[in-house]
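> Below is the sequence, then the predicted model.
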Amino acid sequence: MLVANVRSCFTRADAHLALALLDQSGDETVERSEEKLRDSGLDAILDDPRLLRALLSTRLGSAASEPLFLYVVARHAMLQSGEDEVMLADYAASILLHFGLRGRANKIADADDETYDTLAALAGEADGPDTRRTLLVRAHLGNYALWLAGIFPDFIEHRRWRRGGPPIDYYDEMGQRGFQLAADHRLANEHGLKSMFALAAERFAVMRVALNRVSDTLMFPNVSSPERLMRQVRDESRWKVA
């Protein structure tokens with residue numbers, strides 16, 4: 001089961017690289033960055049906007065580990081969307097890290113042989129006699145909805161307008177439902193996962209918009225379409241109203 005544990009994968013080498021990347025910005029000395037690390041912890045370094053810029057624009061940034069890169073990308077996308085909760089950025093980074101592997105997005109667990117291509121199929125198995133499996137299915141309903149709507153919003157919009165597919169709001173609703181069902185599961189409470197799933201359900205749309213930023217700017221930066229513009233305007237208006 002995916003959990004918010006990418007931060008726990010950071011090594012001393014990751015911290016040293018982050019400091020070196022900040023040093024390349026030229027805005028402060030290595031000594032000052034190290035002092036900030038000692039006084040305020042690694043989060044003070046990870047949340048520095050110069051770190052993201054250095055990761056994306058310098059040769060040294062290409063040496064970053066996948067956990068470090070994906071966490072910083074997810075964290076700053078969340079911050080840009082107004083979400084400051086570290087656990088949500090950590091969880092989003094975990095989805096990016098694991099679902100980027102071939103076939104993992106369509107399976108509720110690495111060792112499970114069943115594959116799922118639709119949210120409806122997952123929702124149909126949210127209840128059943130196997131208690132452990134139903135928790136995995138419910139969590140994966142949220143994860144899969146976030147992965148699809150967060151990273152592939154242009155595909156969803158294209159399919160909606162060309163083939164009558166469901167809108168992104170459908171993915172928001174199904175993802176929120178999956179995480180809430182997972183939070184309500186008995187095993188989630190027993191294993192200390194209830195609060196994480198409940199928060200993911202509450203903030204699902206914010207997480208999705210944050211991952212849209214990642215998709216639009218880093219993964220598919222050269223796409224220009226009326227559907228993308230309409231989505232961006234709609235989401236921007238939604239959060240301004242909120």
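Yes, it's here.
> packing partners for the one helix or strand R53 maps to?
R53 is part of helix 49-57 when elements are defined by DSSP states H and E. Counting contacts by 3 or more Cβ pairs under 8 Å, 6 or more residues apart in numbering; DSSP states H and E, helix 49-57 is packed against helix 12-25, helix 66-80. Quick note: C-beta positions are derived from backbone N, CA and C, even for glycine.
> Mind checking those for the one nearest to R59?
helix 12-25 (9.4 Å; Cβ to Cβ).
> Report the angle between the closest one and helix 49-57.
90 degrees (axes from the mean of the first three to the mean of the last three Cα atoms, to 10 degrees).
> In terms of secondary structure, what does helix 12-25 contact?
Packing partners of helix 12-25 (3+ Cβ pairs under 8 Å, 6+ apart): helix 30-40, helix 42-46, helix 49-57, helix 66-80.
> Show me which positions of the longest one end up buried.
Neighbour-count burial for helix 66-80, counted by 16 or more other Cβ atoms under 10 Å, picks out P67, L68, F69, L70, Y71, V72, V73, A74, R75, H76, A77, M78.
> just how off-centre is that helix within its chain?
For helix 66-80, the distance from its own C-alpha centre to the chain's C-alpha centre is 8 Å (Cα atoms, centre = their mean, to the nearest Å).
> Which pLDDT value belongs to the residue nearest to I45 when sequence neighbours are not counted?
Spatial nearest neighbour of I45, excluding adjacent residues (Cβ to Cβ, 6 or more residues apart in numbering): A18 at 4.9 Å. pLDDT, A18: 93.
> isn't A18 right up against P67?
No: between A18 and P67 there is no contact under Cβ atoms under 8 Å: 11.9 Å.
> who's in contact with A89?
A89 makes contacts with Y71, A74, R75, M78, E83, as judged by Cβ atoms under 8 Å, 6 or more residues apart in numbering.
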